[in-house]
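K.L.:
take this sequence and fold it.
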Amino acid sequence: MRNTPNLTPGYSDVLEHQIRTTRPGMAHFANTGPFGTICGECAHWGHHKTRRTPAGDAIKTQHVRACAKYHELTGKHGAVLPANTPSCRYFERRETEK
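P.N.:
This next block holds a predicted model:
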């Protein structure tokens, strides 16, 4: 396949960077939150996932490092997100416990 020099890019450079850095399971595009923040600092990073039997009885509950906002918006559990992933627009700073 030959490159054609007269084609224009499909997205702006900023949007292209956001798309490239976004990981599956994020509630919105990466790098759309406050400058320099990461998912590990967000109140939505990490939630409890309950495994159930076909009858609906809870078998096991475990803490997963995935986006709780993604789960809230889609009703599905997303993939595990590394703590250093750039934050999205739903970023809320986690309360520090004293």
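
K.L.:
only C-alpha atoms for contact and neighbour calcs from this point on.
P.N.:
Noted.

K.L.:
mind listing what the residue nearest the centre of the chain touches?
P.N.:
For the chain, the residue sitting closest to the mean C-alpha position, by C-alpha atoms, centre = their mean, is Met26 at 2.0 Å. Each residue near Met26 by C-alpha atoms under 8 Å, 6 or more residues apart in numbering is listed here: Cys67, Tyr70, Gly78, Leu81, Cys88.

K.L.:
and the gap between it and Arg93?
P.N.:
For Met26, the distance to Arg93 equals 16 Å [C-alpha to C-alpha, to the nearest Å].

K.L.:
ok, Ser12 next?
P.N.:
Between Ser12 and Arg93 the distance is 29 Å, computed by C-alpha to C-alpha.

K.L.:
repeat for Gly33
P.N.:
To Arg93, Gly33 is 11 Å away according to C-alpha to C-alpha.

K.L.:
same deal with His63?
P.N.:
In terms of C-alpha to C-alpha, His63 sits 19 Å off from Arg93.

K.L.:
more neighbours: those two, which one.
P.N.:
Arg93 (15 against 10; other C-alpha atoms under 10 Å).

K.L.:
partner residues bridging the more buried one?
P.N.:
Cys42 (DSSP bridges).

K.L.:
look up how far His28 lies from it.
P.N.:
Arg93 is 16 Å from His28, by C-alpha to C-alpha.

K.L.:
and Tyr11, by the same measure?
P.N.:
Tyr11 is 17 Å from His28, by C-alpha to C-alpha.

K.L.:
what separates Glu41 from Ser87, distance-wise?
P.N.:
9 Å.

K.L.:
and what of Thr74?
P.N.:
In terms of C-alpha to C-alpha, Thr74 sits 18 Å off from Ser87.

K.L.:
between the two, which one's more packed in?
P.N.:
Applying other C-alpha under 10 Å to Thr74 and Ser87 shows that Ser87 carries more neighbours, namely 28 against 12.

K.L.:
so the more buried one makes contact with Asn31?
P.N.:
Yes. With contacts counted by C-alpha atoms under 8 Å, Ser87 reaches Asn31, the gap being 5.6 Å.

K.L.:
so what sits against both of these two?
P.N.:
Residues touching both Ser87 and Asn31 by C-alpha under 8 Å, 6+ apart: none at all.
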